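> A structural model of the following input is requested.
(chains A and B, ligands or ions: 1)
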Amino acid sequence: MVSAPDTETVWHILAKVPDPEIPAISLVDLGIIRDVAWAGDRLEVTVTPTYSGCPATRFINTAIEEALRAAGIEQIEIRTQLTPPWTTDWISEAGRRKLEAYGIAPPTPGAGPERCPRCGSTRLARVSQFGSTPCKAQWRCEDCLEPFDYFKCI
Amino acid sequence: MDKALFEFCLRMGDNTLILGHRVSEWCGHAPVVEEDIALANTALDLIGQTQLWLGLAGEIEGKGRDADALAFRRDAWEMRSVLLVEQPNGDFGQTLMRQYLFDQWQALMLAALEESAEPRIAAIARKARKEVAYHLERSRGTVVGLGDGTEESHARMQAALDRLYPYVGELFSDDAIDSALAERGIAPLPSSLRPDYDAALAETMAEATLSLPENRWSHSGGRDGSRHSEHLGHILAEMQWLQRAYPDATW
Ligand SMILES: [Zn+2]
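Numbers count the residues shown, from 1 in each chain, chains lettered A, B, ... in the order given. Prediction:
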């Protein structure tokens, strides 16, 4: 019998599970894993949805289970927690850097992205308030003329 | 069973269910791709909120019905959505006008529900409110842009407002269920939201150069299920046929 990994190890495992829609960042970077705790033999992982209708939610739960099972954890309970609601403030610093490197402008409290993730220009125009997934909006750079995704700030 | 609480969750969830389905009818038909995506995303948020409200309704009822069972196995007279949300899409302007009239109400309702004495309702409200703030920003902006746009877009938006305004009053009509919930601090009396709604509408329509109809008479019969229009039956037929034809089908 292998001893159960401690919660710190579990966090490390989850930090390697990519978000199914934006694989450049992990579920931990995204800030949706709210808690990890052992209740006897059972590991309880508390997850909060990004958007209530996000179709990735089910895939995310499956991805968490798969990663934990691969690490030898057998009894897993995934709990969904609505409150406090997820906010883009919970995206980690590393996550924000990875988003930008991937070509998605990270969320900023102002009215839109800080700069073009490709050329760094600040001359930007909004194309649409919504984008290819519930968490993104479409913007365009007026200098390099490329369209890009902006991670909506909520 | 807490009948009033159950009814309230159905009212909230059926509004988002029917509007979400209506808006999704645009998928692949919007005037430009960005608007298509925006409409589909709005519909997705609304259906997500439906899962939360109807999921809670099923929990309160305690008879083993989940959100899917409530969405796909109830008939028109059991639906508690307001008449506004079952109105046909019409043109793009009419769809966005309906969206704005609903979003403005939903934003005020959810803000009040964040303080609900029932923690499960407060939790859903806190989650949904962020999404609705985003919907409202877009629908309001579009109403203003098209209202104060070309002669053609202005005329269409005025026609949409004239057509839909007689369905607004139902959102603010109180009944015994509302009074019971207000007394318990669970939900506000719908009528108590009207002054803020009127103020917001007046400001938006002034900016959009549209005139609000003076007549405040309103259709009713959606939120108590007594007089849904013919439109709802058509929506349900399309939405429910698979679960009706192949009960418990999964894939
Ligand atoms: Zn650029």
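
> Could you find the closest non-adjacent residue to the one residue in the stretch 151-251 of chain B that gets nearest to the ion?
Residue of the stretch 151-251 of chain B nearest the ion, by Cβ to the ion: residue B:153 (32.1 Å). Backbone N, C-alpha and C define where each C-beta goes, glycine included. In space, and not counting its chain neighbours, residue B:153 is closest to residue B:146: 4.3 Å by Cβ to Cβ, 6 or more residues apart in numbering or on different chains.

> Could I get the buried residue list for the host helix or strand of the one you found?
Following DSSP states H and E, one finds residue B:146 within helix B:119-147. Buried residues in helix B:119-147, defined by neighbour count with 16 or more other Cβ atoms under 10 Å in any protein chain shown: B:120-132, B:134-136, B:138-144, B:146-147.

> Now do the same contact list for the residue most central in space within chain A.
Among the residues of chain A, the one closest to the centroid is residue A:30, at 2.7 Å (Cα atoms, centre = their mean). By Cβ atoms under 8 Å, 6 or more residues apart in numbering or on different chains, the residues touching residue A:30 are A:19, A:22, A:50, A:90-91, A:95.

> Which pair of the residues you listed spans the longest distance?
A:22 and A:90 (14.6 Å; Cβ to Cβ).

> which of the two has more neighbours?
Using other Cβ atoms under 10 Å in any protein chain shown, the more surrounded residue of residue A:22 and residue A:90 is residue A:22, with 21 against 16.

> wait, isn't the residue of the stretch 151-251 of chain B closest to the ion in contact with residue B:142?
No: judged on Cβ atoms under 8 Å, residue B:153 makes no contact with residue B:142 at a distance of 10.1 Å.

> before we move on, the earlier item: which ones are touching the residue nearest to residue B:153?
Neighbours of residue B:146 in contact, by Cβ under 8 Å, 6+ apart: B:93, B:96, B:153-154, B:156-157, B:208.

> Determine which two of these are furthest apart.
B:96 and B:154 (13.7 Å).

> In terms of packing, which of these two has more residues around it?
residue B:96 (27 against 17).

> Spatially nearest residue to that one (excluding sequence neighbours)?
residue B:142 (4.5 Å).

> and if you look at residue B:2?
Nearest to residue B:2 is residue B:60, by Cβ to Cβ, 6+ apart, at 5.7 Å.

> Hmm, that neighbour is touching residue B:7, no?
No: contact between residue B:60 and residue B:7 fails when scored by Cβ under 8 Å: they sit 9.6 Å apart.

> So which residues of the chain form helices?
I'll assume chain A. Taking DSSP state H, the helices of chain A run over residues A:7-14, A:27-30, A:57-70, A:93-102.

> think we crossed wires, I meant chain B
B:3-24, B:33-61, B:67-72, B:83-86, B:92-113, B:119-147, B:151-164, B:176-183, B:194-207, B:230-245.

> Using TSV, lay out these together with distance to residue A:147.
Putting the helices of chain B into TSV (distance: least, Cβ to Cβ, whole Å) gives the following:
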stretch	distance to residue A:147
helix B:3-24	24
helix B:33-61	10
helix B:67-72	36
helix B:83-86	33
helix B:92-113	23
helix B:119-147	19
helix B:151-164	26
helix B:176-183	47
helix B:194-207	29
helix B:230-245	34
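
> In the stretch 1-150 of chain B, what residue comes closest to chain A?
Nearest residue of the stretch 1-150 of chain B to chain A (Cβ to the nearest Cβ) works out as residue B:48 at 2.3 Å.

> circling back to that earlier point, how about the contacts made by the residue of the stretch 151-251 of chain B closest to the ion?
The contact partners of residue B:153, taken as Cβ under 8 Å, 6+ apart, are B:93, B:146-147.

> can you check residue A:17 too?
A:26-28, A:63-64, A:67.

> will you turn these into TSV that also has distance to chain B?
Formatted as TSV, these follow (distance: Cβ to the nearest Cβ, whole Å):
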residue	distance to chain B
A:26	23
A:27	18
A:28	21
A:63	19
A:64	19
A:67	25
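
> Now the two most distant members of those.
Within the contacts of residue A:17, A:28 and A:63 form the most distant pair, 12.1 Å apart (Cβ to Cβ).

> Compare the two (neighbour count), which wins?
residue A:28 (20 against 17).

> With residue A:44 as the reference, measure out to the more buried one.
16 Å (Cβ to Cβ, to the nearest Å).

> Ok, residue A:23 next?
26 Å.

> The two: which is more packed in?
residue A:44 (14 against 10).

> need the contact list for that one.
Residue A:44 touches A:35-38, A:77, A:79, counting by Cβ under 8 Å, 6+ apart.

> and the two most separated of those residues?
Spatial extent of the contacts of residue A:44 (Cβ to Cβ) is set by the pair A:38 and A:79 at 13.5 Å.

> Near chain B, which residues of chain A? Just list them.
When proximity is defined as Cβ under 8 Å from any Cβ of the partner chain, chain A approaches chain B at A:49, A:51-55, A:82-85, A:87, A:127-132, A:134, A:138, A:152, A:154.

> Write the PyMOL selection for whichever of those residues are buried.
With 16+ other Cβ under 10 Å as the criterion, this PyMOL line picks the buried residues out of the residues of chain A next to chain B:
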select buried, chain A and resi 49+51+52+53+54+82+85+127+128+129+130+131+134+138+152+154
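
> Which ones among the residues of chain A next to chain B map onto strands?
Within those, residues falling in strands by DSSP state E are A:127-128, A:138.

> follow-up on the earlier one: quick one: residues contacting the residue of the stretch 1-150 of chain B closest to chain A.
A:49, A:51-54, B:131.

> Residue B:72 now?
B:239-240, B:242-244.

> Swap in 6 Å and give it another go.
B:240, B:243 (Cβ atoms under 6 Å, 6 or more residues apart in numbering or on different chains).
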